[in-house]
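Participant: Sequence and predicted model, in that order:
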2 protein chains.
Amino acid sequence: MTIKVFGHKSPDTDATFSPIVWAWYLKEVKGIDAVPVLLGEPNTEAAFLLKHWGFERPAIIAALSEGEKVVIVDTNNPAELPEGIDKAEIVQIIDHHKLVGGLETKGPIEITIRPLACTATVIYDLMGEDVVALPKAIKGAMLSCILSDTLEFRSPTTTEHDRAVAEKLAGEIGVTIPELAAAMFEAKSDVSAFSDAALLRMDSKEYNVDGTELRVSVLETTAPKLILDRKASLMGTMPDVAKEDGADQVLLFVVDILNEEATLLVPNDLVKKIAEASFGCKVEGDTVVLPGVMSRKKQIIPALKV
Amino acid sequence: MTIKVFGHKSPDTDATFSPIVWAWYLKEVKGIDAVPVLLGEPNTEAAFLLKHWGFERPAIIAALSEGEKVVIVDTNNPAELPEGIDKAEIVQIIDHHKLVGGLETKGPIEITIRPLACTATVIYDLMGEDVVALPKAIKGAMLSCILSDTLEFRSPTTTEHDRAVAEKLAGEIGVTIPELAAAMFEAKSDVSAFSDAALLRMDSKEYNVDGTELRVSVLETTAPKLILDRKASLMGTMPDVAKEDGADQVLLFVVDILNEEATLLVPNDLVKKIAEASFGCKVEGDTVVLPGVMSRKKQIIPALKV
């Protein structure tokens, strides 16, 4: 039976390419029948990189059938996985997030979680000596994942090991990291084609904080003005998105990659209270700039208080 | 802060020595302050091996304090962990059991779970090239864990890799596997000093099967007669142990290591029904022999039906 390899819903670069890379490795190196799939449309950065490295966009699936074999990469959170995951046979999990605690397996399986910036770095390590013989596109895909998840080593999630793997890969395939990163971030910043609701859901995860259900959205961009110019209509759409997705509030953080700061939209008193309690800032007006804040995982989620 | 490394409650050989080996490695090889602890009195096999390899018995702890750093080996099941585990900072999990799904961490940590027979085999792999320089007692401890968990390669949980690691270790330290295994199994079979209640809890895990809470106990022995001679009094003690531990029923499987079969005690109609539904056998009298059954993980738990 073909093993389906996938990441989380709302596929960013790591959730798009880690499945592609790992399925390729399982099939071509290990001789195990495996195919990458996506749980949604890739974001603009991932779509750019599919063309750049010459990959077909993997099929998008919505649900799993009884007994299907799956490998989960880049998440261990049941809320980010497809319908039917409880009926599937999970054979492996590769991730770099905190253990969320909802997934259960039928028997012992291979689970590798490492506190690194990127799933692709974990995958690189799992490949061991096989990394030498990887084709250029696979190395390029892994390099792209690391540059995306570390925001070209600017994010505080970056480890020395992520950086070393990225630099090694770039050297081997003759890629100049600043050039590739600039092209990726430009692609990610081009969000003109997306509706407000799509933007609010693009890179978004739900967390329950002190009993309040928050949809925490992050838009990483080199052109924050493009998004902040749409501030009023984004804030107007927040209540609809929250309601449809069963959340109490959407928090939108616009991360300025180059200036290394986040702007939080503040549509109401609840968000003002959350911002002041969580980040020790003073909010005046309908936005607040948080200097140095770039990582949802390391800086936003651990700080959130309602 | 010293990291406490521990396995599960009711420490068998793997849950006693994997903490000893991994804490030794963290401290001596990685320079990280770590100490092994136990969550209960080691069983007779583990107690024999502590003397055999020249280790002090680690301290026994009952609870953890707020913010203590811990490494969990040989389980990921919150029910098998000490009080206060939710307040501790889990920094690593190394295991070979199915993902149970109750544990949550505050941030990303190192988690390595592999479908091997023994945690010590996973630890051996994690050590990489450092295994060459391990002292004899540490190699002996890992070898003992593998022989214990595989019942000297008889258990169906045994993989080729477990066997290869055990044979490599034995060769390096000049140990004859059948001799060490025989001494270990003899120590494990000497249960004369234990009360019936202690025997029923010695190697016991709780599972909810179709709404019925079962305490599934396994006694691995080369001398099943010693236990089966106490059959009547063991069955008489079952209702008390079940009640005290909040279970509906205790199932006791006496595994005959040398003859590769299990004898299930059948004290009442519920257990008779469970035995016949789960193992397709016909029960007459108050015991039933299950040929080839040696592994709770692979053969008993997956088969259980109420």
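Facilitator: Cool, got the structure.
Participant: need the helices for the stretch 1-150 of chain A, in chain order.
Facilitator: A:13-24, A:44-53, A:119-127, A:136-149 (DSSP state H, counting those that start in this stretch).
Participant: Can I get those helices in CSV including mean pLDDT?
Facilitator: Shown next, in CSV, are these (pLDDT from 0 to 100):
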stretch, mean pLDDT
helix A:13-24, 98
helix A:44-53, 97
helix A:119-127, 98
helix A:136-149, 98
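Participant: deepest of those, which one?
Facilitator: Compared across the helices of the stretch 1-150 of chain A, helix A:13-24 shows the largest average neighbour count, a mean of 28 (mean count of other CB atoms under 10 Å in any protein chain shown). Using the backbone N, CA and C atoms, a C-beta is placed for each residue, glycine as well.
Participant: For that helix, which helices and strands make contact with it?
Facilitator: strand A:3-6, strand A:34-38, helix A:44-53, strand A:69-73, helix A:119-127, helix A:136-149 (3 or more CB pairs under 8 Å, 6 or more residues apart in numbering or on different chains; DSSP states H and E).
Participant: What lies in contact with that helix?
Facilitator: Contact with helix A:13-24 is made by A:3, A:5-8, A:34-39, A:42-43, A:45-46, A:49-50, A:55, A:58, A:71, A:73-75, A:94, A:118-120, A:123, A:138, A:141-142, A:144-145, A:148-149, A:184, as judged by CB atoms under 8 Å, 6 or more residues apart in numbering or on different chains.
Participant: Contacting chain B as well, which ones from those?
Facilitator: Residues of the contacts of helix A:13-24 in contact with chain B (CB under 8 Å from any CB of the partner chain): none.
Participant: for chain B, what are the nearby residues on chain A?
Facilitator: A:93, A:95-116, A:297-298, A:302.
Participant: hmm, who's touching whichever strand or helix holds A:Leu169?
Facilitator: In the assignment (DSSP states H and E), A:Leu169 maps to helix A:160-173. With contact meaning CB under 8 Å, 6+ apart, helix A:160-173 is reached by A:116-118, A:121, A:124, A:136, A:139-140, A:142-143, A:146-147, A:149-150, A:153, A:175-177, A:180.
Participant: my read: A:Val91 touches A:Ile109, true?
Facilitator: Yes - here A:Val91 lies in contact with A:Ile109, judged by CB atoms under 8 Å, at a distance of 5.7 Å.
Participant: Which parts of chain A are strands?
Facilitator: A:3-6, A:34-38, A:59-60, A:69-73, A:89-95, A:110-113, A:204-209, A:212-221, A:249-256, A:261-265, A:287-291 (DSSP state E).
Participant: Give me the sheet partners of the second one and which way each runs.
Facilitator: Just to be clear, that refers to strand A:34-38. Partners of strand A:34-38 in the sheet, by DSSP bridges, are strand A:3-6 (parallel), strand A:59-60 (parallel).
Participant: and it, C-alpha only, in CSV?
Facilitator: Output in CSV follows, covering the C-alpha atoms of strand A:34-38 (Å, rounded to 0.1, in the frame of the first residue of the first chain):
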residue,chain,number,x,y,z
ALA,A,34,5.3,6.5,-0.8
VAL,A,35,3.8,9.7,-2.3
PRO,A,36,3.7,13.3,-1.0
VAL,A,37,0.3,14.9,-0.6
LEU,A,38,-0.9,18.3,0.7
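Participant: tilt between it and helix A:13-24?
Facilitator: Note on geometry: by axes from the mean of the first three to the mean of the last three CA atoms, to 10 degrees, strand A:34-38 and helix A:13-24 are set 160 degrees apart in direction.
Participant: Show residues contacting strand A:34-38.
Facilitator: Under CB under 8 Å, 6+ apart, the answer for strand A:34-38 is A:2-7, A:11, A:15-16, A:19-20, A:22-24, A:26-27, A:57-61, A:71.
Participant: any idea of the mean pLDDT in that strand?
Facilitator: Strand A:34-38 carries an average pLDDT of 98.
Participant: and the angle for that strand with strand A:89-95?
Facilitator: Using the same axes, to 10 degrees: strand A:34-38 against strand A:89-95 is 70 degrees.
Participant: Pull the distance from strand A:34-38 to the chain's centre.
Facilitator: A distance of 17 Å separates the centroid of the chain from that of strand A:34-38, by CA atoms, centre = their mean, to the nearest Å.
Participant: How about the shortest one?
Facilitator: Using CA atoms, centre = their mean, the mean C-alpha position of strand A:59-60 is found 17 Å from that of the whole chain.
Participant: What part of chain A, helix or strand, is modelled with the least confidence?
Facilitator: The helix or strand of chain A with the poorest confidence is strand A:204-209; it has a mean of 89 (mean pLDDT, DSSP states H and E).
Participant: so what does it touch, helix or strand wise?
Facilitator: Looks like strand A:204-209 contacts strand A:212-221 (3+ CB pairs under 8 Å, 6+ apart).
Participant: What residues sit buried inside the strand it packs on?
Facilitator: A:Leu214, A:Arg215, A:Val216, A:Ser217, A:Val218, A:Leu219, A:Glu220, A:Thr221 (16 or more other CB atoms under 10 Å in any protein chain shown).
Participant: strands paired with that strand, and their directions?
Facilitator: Sheet pairing for strand A:212-221, using DSSP bridges, gives strand A:204-209 (antiparallel), strand A:249-256 (parallel).
Participant: comparing the strands of chain A, which gets the lowest mean pLDDT score?
Facilitator: strand A:204-209 (a mean of 89).
Participant: Tabulate the CA atom coordinates of it in PDB.
Facilitator: Extracted in PDB, the C-alpha atoms of strand A:204-209 (Å, rounded to 0.1, in the frame of the first residue of the first chain):
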ATOM      1  CA  SER A 204      -2.800  30.400  11.200                       C
ATOM      2  CA  LYS A 205      -3.000  28.100  14.200                       C
ATOM      3  CA  GLU A 206      -5.600  27.800  16.900                       C
ATOM      4  CA  TYR A 207      -4.700  27.900  20.600                       C
ATOM      5  CA  ASN A 208      -6.800  28.000  23.700                       C
ATOM      6  CA  VAL A 209      -5.400  30.500  26.100                       C
END
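Participant: now that strand, how far from the chain's geometric center?
Facilitator: 14 Å.
Participant: swap in stretch A:73-81?
Facilitator: 11 Å.
Participant: cool, and stretch A:108-115?
Facilitator: 19 Å.
Participant: start to end distance for it?
Facilitator: 22 Å (CA to CA, to the nearest Å).
Participant: quick one: contacts of that stretch?
Facilitator: Against stretch A:108-115 from outside (CB under 8 Å, 6+ apart): A:76, A:90-97, A:99, A:121-122, A:125-126, A:159, B:95-99, B:107-116, B:297.
Participant: before we move on, the earlier item: can I get the helices of the stretch 1-150 of chain A in a markdown table including distance to B:Asp190?
Facilitator: A markdown table is the format used below for these (distance: least, CB to CB, whole Å):
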| stretch | distance to B:Asp190 |
| --- | --- |
| helix A:13-24 | 49 |
| helix A:44-53 | 62 |
| helix A:119-127 | 43 |
| helix A:136-149 | 54 |
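Participant: Domains in chain A, by residue range?
Facilitator: Using automatic domain parsing, the domain ranges for chain A come out as A:3-186, A:196-303.
Participant: Give me whichever of those is most buried.
Facilitator: Mean neighbour count (mean count of other CB under 10 Å) peaks for domain A:3-186 among these, with a mean of 20.
Participant: circling back: report the angle between the helix holding A:Leu169 and helix A:119-127.
Facilitator: Using the same axes, to 10 degrees: helix A:160-173 against helix A:119-127 is 80 degrees.
Participant: got the angle for helix A:160-173 vs helix A:136-149?
Facilitator: Between helix A:160-173 and helix A:136-149, the angle comes out at 140 degrees (the same axes, to 10 degrees).
Participant: Dump the strands paired with strand A:34-38 to TSV, plus distance to A:Lys243.
Facilitator: Output for those, formatted as TSV (distance: least, CB to CB, whole Å):
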stretch	distance to A:Lys243
strand A:3-6	28
strand A:59-60	25
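Participant: before we move on, back to that, possible to save the helices and strands packed on helix A:13-24 as a markdown table with distance to B:Ser233?
Facilitator: Below are the helices and strands packed on helix A:13-24 laid out as a markdown table (distance: least, CB to CB, whole Å):
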| stretch | distance to B:Ser233 |
| --- | --- |
| strand A:3-6 | 51 |
| strand A:34-38 | 54 |
| helix A:44-53 | 66 |
| strand A:69-73 | 47 |
| helix A:119-127 | 51 |
| helix A:136-149 | 61 |
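Participant: Having no further points to raise, I will conclude here.
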